[in-house]
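The following block contains a protein sequence and its predicted model.
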Amino acid sequence: MQNMNMGKMMKQVQQMQQQMAKAQEELAHEEVEASAGGGMVTVKVTGDLKIVSIKIDPKAVDAEDVEMLEDMVLAAANEALRTAQELASQKLGGLTGGLNIPGL
């Protein structure tokens, strides 16, 4: 009887792994975007947390104030990454059934 339960559990684990792999593949193709400085800097990030583009409005480039541009890039990148993490949590959270699995 115990072998049947173990076999059923292993099958469920395999199904969950397949669903997780599919969800992670889908996340790699989804993009989120965030901006800073009223749209002066825009960053796009994939659902698997890869920055794919950074757009900077030429008006944001001021040789006298490079620090402000750096701050805008940092703010937009952090917000885009946070949004991508939320997207990943939504997609993957349902698959893990609320389990706290490190790295997911």
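Thanks, I have it. Numbering: from 1, shown residues only.

how about the helices of the chain, start to end?
Per DSSP state H, the chain carries helices over the ranges 2-29, 66-96.

among those, which is the most enclosed?
Of all these, helix 66-96 has the most neighbours on average by mean count of other CB atoms under 10 Å, namely a mean of 16. Glycine gets a C-beta too; all of them are placed from N, C-alpha and C.

circling back to that earlier point, could you dump the helices of the chain to a markdown table with mean pLDDT and distance to Ile54?
Below are the helices of the chain laid out as a markdown table (pLDDT from 0 to 100; distance: least, CB to CB, whole Å):
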| stretch | mean pLDDT | distance to Ile54 |
| --- | --- | --- |
| helix 2-29 | 81 | 19 |
| helix 66-96 | 89 | 6 |
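
wait, which of those helices is closest to Lys50?
Nearest to Lys50, of all the helices of the chain, is helix 2-29, at 7.8 Å by CB to CB.

Between the helices of the chain, which one is closest to Pro58.
Smallest distance to Pro58 across the helices of the chain (CB to CB): 10.9 Å, for helix 66-96.

quick check: angle from the closest one to helix 2-29?
150 degrees (axes from the mean of the first three to the mean of the last three CA atoms, to 10 degrees).

Could you name the helices and strands sitting against helix 66-96?
helix 2-29, strand 31-36, strand 41-46, strand 51-56 (3 or more CB pairs under 8 Å, 6 or more residues apart in numbering; DSSP states H and E).

for the first one, packing partners?
In terms of contact count using 3+ CB pairs under 8 Å, 6+ apart, helix 2-29 is assigned the packing partners strand 41-46, helix 66-96.

Would you format the ones you listed as JSON lines with distance to Leu27 included?
JSON lines is the format used below for those (distance: least, CB to CB, whole Å):
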{"stretch": "strand 41-46", "distance to Leu27": "7"}
{"stretch": "helix 66-96", "distance to Leu27": "6"}
